[in-house]
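Engineer: I'll drop the sequence and a predicted model, then ask my questions.
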Amino acid sequence: MAEHLLKILVVGDGNVGKSSFVHRYVNGQFNNAYKMTVGVDFSVKVLHWSDKEKVRLQLWDIAGQERFISMTRIYYKGALGCVVMFDVTSSASLLSCRRWKQDLDNKAMLPNGDSIPCILLANKCDLAERVVSAESIGRFSEANGFVTWMEISVKDNKNVGEAMRRLVEEILLIQ
Ligand code: GDP
């Protein structure tokens, strides 16, 4: 059985739902009061990808460190994929994704020099106070070099597993 170890970063402005996302994906729970320890840390999830392949994901959340938009290179070292997240009720959090993506491309790259696959996630789509349209997210995603984008709700557990599956597929394609 082949085992892939994939380091995946989760970035985006504070309060968009990054810690909740990792917690939901790894532990299957949503808890309004949940807060990960402040500081760079990672969670592990193992996927039985196929009869012959196992995938061990290391999810690195920048919990509480968003103000250091320029993260240390250690955080980026060896990353093979990235989730960039924003909150659909905050257009500022979507605009920030451009910086997050540029910072990523400046500091992390594949051994061949290509940029690492990155998915744009539009979280909190359960909320009625949504301010960004699917069309504008789609344009933004394409203009900024994301592999794709998806609407998710960590709260309602919508598209959480699907989004990670999509990213892992993209990473494995280029391994
Ligand atoms: P982080 O700072 O990016 O790690 O964000 P958190 O995971 O701490 O989430 C910030 C707040 O948004 C918390 O109160 C969460 O409960 C809430 N939240 C996270 N995901 C969702 C979601 O899908 N829908 C709604 N309505 N709230 C969410």
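Structural biologist: Alright, I've got the coordinates. Since we're looking at a predicted model, the values are computed, not measured.

Engineer: mean confidence score for stretch 20-29?
Structural biologist: Across stretch 20-29, pLDDT averages out at 91.

Engineer: got the buried residues for it?
Structural biologist: 20-25 (16 or more other Cβ atoms under 10 Å). Yep, even glycine has a C-beta here, placed from its N, CA and C like the rest.

Engineer: so which of these would you say is closest to the ligand?
Structural biologist: residue 20 (3.3 Å; Cβ to the nearest ligand atom).

Engineer: if you skip the residues just before and after it, what's nearest to that closest one?
Structural biologist: Leaving aside its chain neighbours, residue 20 sits nearest to residue 154 (4.6 Å; criterion: Cβ to Cβ, 6 or more residues apart in numbering).

Engineer: pLDDT score assigned to that neighbour?
Structural biologist: On pLDDT, residue 154 comes in at 98.

Engineer: any idea how far residue 85 is from it?
Structural biologist: 9 Å (Cβ to Cβ, to the nearest Å).

Engineer: same question for residue 168.
Structural biologist: Taking Cβ to Cβ, one finds residue 168 at 17 Å from residue 85.

Engineer: what residues are up against the residue nearest the centre of the chain?
Structural biologist: The chain has residue 83 as the residue nearest its centroid, 1.8 Å off, counting by Cα atoms, centre = their mean. Shown in contact with residue 83 (Cβ atoms under 8 Å, 6 or more residues apart in numbering): 8-12, 18, 21, 118-119, 121, 163-164, 167.

Engineer: go with 10 Å
Structural biologist: 8-12, 18, 21-22, 25, 59-61, 118-121, 152, 163-164, 167 (Cβ atoms under 10 Å, 6 or more residues apart in numbering).
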